[in-house]
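Trainee: Starting from these lines, generate the structure:
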Amino acid sequence: MNLQRLLSWPFPEIRVQYAPRDTMLYALGVGACRDPLAEAELQFVYEGRLQALPSQACVLAHPGFWIKDPALEVNWVKLVHAEQHFDLRQPLPAHGEVIGRYRITGVVDKGEQTGAMVYFEKALYTAENELIGTVDSTYFLRGDGGCGSWGEPGRALPPVPERAPDGALDMPTLPIAALIYRLSGDYNPLHADPAIARKAGFESPILQGLCTYGVACQSLIKALAGNDAGRLRGMGARFTKPVYPGDTIRTEYWMGDNGALQFRCLSVERNEVVLDRGTAMLV
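Mentor: Model (predicted):
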């Protein structure tokens, strides 16, 4: 990776309009309303009383697969999503116009044999320039160690408690989940092309990390917020293992004080933790 080019990368301000269709497609991509008769979840996929899942903030005003640009000299085939956070000041509107402004906040070089972490932030605004919230993303560039470090690492995520969780919810994913989810903006071929997936070291295309993240988001809303999406205002997690489309994702959670909670997600079929050190905030 060319560190200096990364630090000077000219992120454009991204202004986009999203329609109810985009909100419904995102929700379907993360597995919402698998039972079409489950009226308590219908508001995520039906325009009659539509709510946006707050994790949709992660894909709005998305800059595309910008890090694939040859000028950055990144071995993008070995890129994986490491961590994700969002903090919202208000419920995410079900449709409207938003502005995304991006910046690199840090790079941590873990050595030539390990890779490098890249941290970047999106500030999301309304068309009237009112801040909706921020979205922080971390990429693990497995093939780009030795590039040098810069700035500050992302926020630390605490481990989940050692005691038994206070509750859990299982959410099956569809075998075509990655192909649906990519229509919300993540066109990395790792999630669609078997040959690219094998080249990256996976047996088949894997589920997007942000899709797993969205499954966790709606699981927490279903289990703890009465399917009221506006109550979940913040969420962070670390991606630890790949999820394959068709896996069942179990979200375990631990309640804290004043709406704070911790969680993790497991692939039920492989009994592996796939999202760890999760934190969330309910209002």
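
Trainee: Assign a three-state SS to the spatially most central residue of the chain, would you?
Mentor: In the chain, the centroid-proximal residue (C-alpha atoms, centre = their mean) is residue 210; its distance is 3.0 Å. Classification of residue 210 using DSSP: H, G, I helix; E, B strand; the rest coil returns helix.

Trainee: Distance of it relative to residue 28?
Mentor: Separation of residue 210 from residue 28 (C-beta to C-beta, to the nearest Å): 15 Å. Quick note: C-beta positions are derived from backbone N, CA and C, even for glycine.

Trainee: still on that earlier bit, the residue nearest to the centre of the chain against residue 56, yeah?
Mentor: No: at 10.0 Å, residue 210 does not count as touching residue 56 under the criterion of C-beta atoms under 8 Å.

Trainee: tell me, how many neighbours does the closest residue in space to residue 282 that isn't next to it in sequence end up with?
Mentor: Take residue 282 and drop its neighbours on the chain: the residue closest to it by C-beta to C-beta, 6 or more residues apart in numbering is residue 259, 4.1 Å away. Residue 259 has 16 neighbours, counted by other C-beta atoms under 10 Å.

Trainee: quick one: contacts for residue 175?
Mentor: By C-beta atoms under 8 Å, 6 or more residues apart in numbering, the contact list for residue 175 reads 245-246.

Trainee: per-residue pLDDT, it?
Mentor: For residue 175, the pLDDT comes out at 94.

Trainee: Next, find the distance separating it from residue 205.
Mentor: As defined by C-beta to C-beta, residue 175 lies at a distance of 11 Å from residue 205.

Trainee: Mutual contacts of the two, please.
Mentor: By C-beta under 8 Å, 6+ apart, the residues touching both residue 175 and residue 205 are residue 245.

Trainee: End to end on stretch 165-185, go ahead and measure it.
Mentor: 34 Å (C-alpha to C-alpha, to the nearest Å).

Trainee: Oh, that last question was meant for stretch 90-100, not what I typed.
Mentor: Using C-alpha to C-alpha, the two ends of stretch 90-100 sit 16 Å apart.

Trainee: how far out from the middle of the chain is it?
Mentor: 17 Å (C-alpha atoms, centre = their mean, to the nearest Å).

Trainee: Check what contacts that stretch and list those residues.
Mentor: With contacts defined as C-beta under 8 Å, 6+ apart, stretch 90-100 is touched by 13-20, 22-23, 50-54, 56-57, 60-63, 122-127, 129, 132-133, 229-230, 233.

Trainee: of those residues, buried ones?
Mentor: Neighbour-count burial (16 or more other C-beta atoms under 10 Å) applied to the contacts of stretch 90-100 gives 14, 18, 22-23, 50-54, 56-57, 60-62, 122, 124-125, 132-133, 229, 233.

Trainee: Go through these and flag which are in helices.
Mentor: Among the buried ones among the contacts of stretch 90-100, DSSP state H puts 22-23 in helices.

Trainee: Spit out the contact partners of residue 232.
Mentor: Applying C-beta under 8 Å, 6+ apart, we find residue 232 in contact with 54, 217, 220-221, 225, 280-282.

Trainee: let's see 7 Å
Mentor: Contacts for residue 232 (C-beta atoms under 7 Å, 6 or more residues apart in numbering) come out as 54, 217, 220-221, 225, 280, 282.

Trainee: how about these, which pair is most distant?
Mentor: Spanning the widest gap among the contacts of residue 232 are 217 and 282, at 11.8 Å by C-beta to C-beta.

Trainee: So which of those two has more stuff around it?
Mentor: With neighbours defined as other C-beta under 10 Å, residue 217 and residue 282 compare such that residue 217 has more, 26 against 19.

Trainee: wait, what's in contact with the more buried one?
Mentor: 53-55, 232, 235.

Trainee: can you count the residues close to the nearest residue to residue 123 once chain neighbours are set aside?
Mentor: Excluding its sequence neighbours, the residue lying closest to residue 123 (C-beta to C-beta, 6+ apart) is residue 101, at 4.8 Å. By other C-beta under 10 Å, 17 other residues sit near residue 101.

Trainee: Confirm that residue 101 sits in a strand.
Mentor: Yes: Residue 101 sits within a strand when classified using three-state DSSP.

Trainee: could you pull out the strands for the stretch 101-250 of the chain?
Mentor: For the stretch 101-250 of the chain, the strands defined by DSSP state E, counting those that start in this stretch cover 116-126, 131-141, 150-151, 167-172, 232-239, 248-255.
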